[in-house]
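Asker: for reference, the sequence and a predicted model appear below.
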Amino acid sequence: MESERDYVLKRLKEAADIFVSEPKAYLLVPEIRVNIGYAVSNASGVQDVAAIPGRITAAFNRAFYCMPPAFGASDHVARVILTAMKYDPQVRSAIDVKYYKEVVERLDDVYVFDRRLEPLESRTKEGHTMNLMVELAHEKMGRIPKYIVDMGDYGKEPTIFVLGKDPVEVVKTSLSFVNLIQK
């Protein structure tokens with residue numbers, strides 16, 4: 001188990017480095033910043049999902065992060081991954097990036113989550129929205145899609161989640177979005 005945890009940290013750092021080395025990656029960073037997560041194969045909780053402490057941020061047209069990956073560093077992306085793993089244990093990684101309409105219009109295998117339709121009892125439970133979003137995606141599509149779009153709501157920024165088996169895979173997929181952004 002310890003060797004797998006070491007591998008997860010190393011692979012996640014590699015993915016984060018790939019992300020920030022892309023000159024236009026800053027375009028993908030929402031105000032809430034970007035996080036990438038990667039879970040061990042039998043993850044049972046947030047402590048089994050590695051992420052970037054403080055997330056990846058952007059300033060002066062550059063993306064960067066300040067601390068190396070660590071287990072338990074993100075509750076947000078961990079909940080997405082853990083819920084996806086309940087339905088498909090192969091989906092162990094996710095990244096959330098800035099929402100662009102022109103990107104979403106070009107995606108296949110996507111579920112769009114409208115928070116305005118979320119039940120009130122769900123909205124009032126801290127951390128429940130991410131679980132519900134993935135559960136509804138699975139219910140609607142019969143599987144975990146490659147992309148889940150969180151349309152946001154009042155005070156909640158919209159984002160695009162890319163889900164996959166490996167953090168390098170989800171980062172490379174997300175970086176392909178820069179070519180679709182009309183800036």
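Answerer: In hand now; what should we look at?

Asker: tell me which helix or strand comes right after the worst-scoring helix or strand of the chain on mean pLDDT.
Answerer: Least confident element among the helices and strands of the chain, by mean pLDDT, DSSP states H and E: helix 120-123 (a mean of 58). Moving toward the C-terminus from helix 120-123, the first helix or strand encountered (DSSP states H and E) is helix 128-141.

Asker: mean confidence score for whichever helix or strand comes after that following helix?
Answerer: Next helix or strand after helix 128-141 toward the C-terminus (DSSP H and E): strand 147-150. Averaged across strand 147-150, pLDDT comes to 95.

Asker: how far off centre is strand 147-150?
Answerer: Taking the mean C-alpha point of strand 147-150 and that of its whole chain, the gap between them comes to 9 Å (CA atoms, centre = their mean, to the nearest Å).

Asker: what strands line up against the next helix or strand after that strand, and which way round?
Answerer: Proceeding N to C from strand 147-150, the next assigned helix or strand is strand 159-164, under DSSP H and E. Strand 159-164 has these partner strands in its sheet, going by DSSP bridges: strand 93-98 (antiparallel), strand 147-150 (antiparallel).

Asker: which of those is buried the deepest?
Answerer: strand 93-98 (a mean of 28; mean count of other CB atoms under 10 Å). (Glycine included, C-beta is placed from N, CA and C.)

Asker: give the next helix or strand downstream of that one.
Answerer: Moving toward the C-terminus from strand 93-98, the next helix or strand (DSSP H and E) is helix 101-104.

Asker: nearest residue to the middle of the chain?
Answerer: Most central in the chain under CA atoms, centre = their mean is Ile95, positioned 2.6 Å from the mean C-alpha point.

Asker: dump the residue contacts of that one.
Answerer: Ile95 is in contact with Phe19, Val34, Asn35, Ile36, Gly37, Val77, Phe161, Val162, Pro167, Val170, Val171, Ser174, counting by CB atoms under 8 Å, 6 or more residues apart in numbering.

Asker: give me the number of residues near Arg62?
Answerer: For Arg62, the number of neighbouring residues by other CB atoms under 10 Å comes to 13.

Asker: report the contact partners of it.
Answerer: Residues counted as contacts of Arg62 (CB under 8 Å, 6+ apart) are Val20, Tyr26.

Asker: ok, it to Asp88 distance?
Answerer: Here the distance between Arg62 and Asp88 works out to 35 Å (CB to CB, to the nearest Å).

Asker: mind pulling up the pLDDT for the residue nearest to Asp153 when sequence neighbours are not counted?
Answerer: Excluding the flanking residues, the one nearest Asp153 by CB to CB, 6 or more residues apart in numbering is Arg115, at 3.9 Å. Reading off the confidence values, Arg115 has pLDDT 71.
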